[in-house]
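A.B. asks: Sharing a sequence plus its predicted fold:
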Amino acid sequence: MNILITGGNGFIARNLFEQLNSEYTVLSLNSKELDLLDSFKVFDYIKSNQFREILGWKRFKCGEKYQ
């Protein structure tokens, strides 16, 4: 099973990767490796890797709004 974890530089993503990587095929990407705001690239990336699960982690600062 292929699993994609976004926000790969974060604490939660790194720990998830360590826990899941022994049993599954896990890719952990940060924003420099895959720009999540570019929907065409994201769609192509997901389609070409046939992920079963996608786990997204985004850190927000206090008061910051998602755009």
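C.D. replies: Good, I have the coordinates.

A.B. asks: Strands of the protein, residue ranges please.
C.D. replies: All strands of the chain, identified by DSSP state E, fall at 2-6, 25-29, 53-55.

A.B. asks: Who are the packing partners of the first one?
C.D. replies: Looking back up the chat, that one is strand 2-6. Counting contacts by 3 or more C-beta pairs under 8 Å, 6 or more residues apart in numbering; DSSP states H and E, strand 2-6 is packed against helix 11-20, strand 25-29, helix 39-49, strand 53-55. From N, CA and C alone the C-beta is placed, and that goes for glycine too.

A.B. asks: Give me whichever of the strands of the chain is most buried.
C.D. replies: Among these, strand 2-6 has the highest mean neighbour count (mean count of other C-beta atoms under 10 Å), at a mean of 20.

A.B. asks: Residues in contact with the helix or strand of the chain with the lowest mean pLDDT: which ones?
C.D. replies: One helix or strand of the chain scores below all others by mean pLDDT, DSSP states H and E: strand 53-55, with a mean of 88. In this structure, residues lying in contact with strand 53-55 by C-beta atoms under 8 Å, 6 or more residues apart in numbering are 1-6, 13, 16, 46.

A.B. asks: what about 10 Å?
C.D. replies: 1-7, 12-13, 16-17, 20, 24, 26, 28, 42, 46 (C-beta atoms under 10 Å, 6 or more residues apart in numbering).

A.B. asks: ok, it: who's next to it in the sheet?
C.D. replies: Strand 53-55 sits in its sheet next to strand 2-6 (parallel), going by DSSP bridges.
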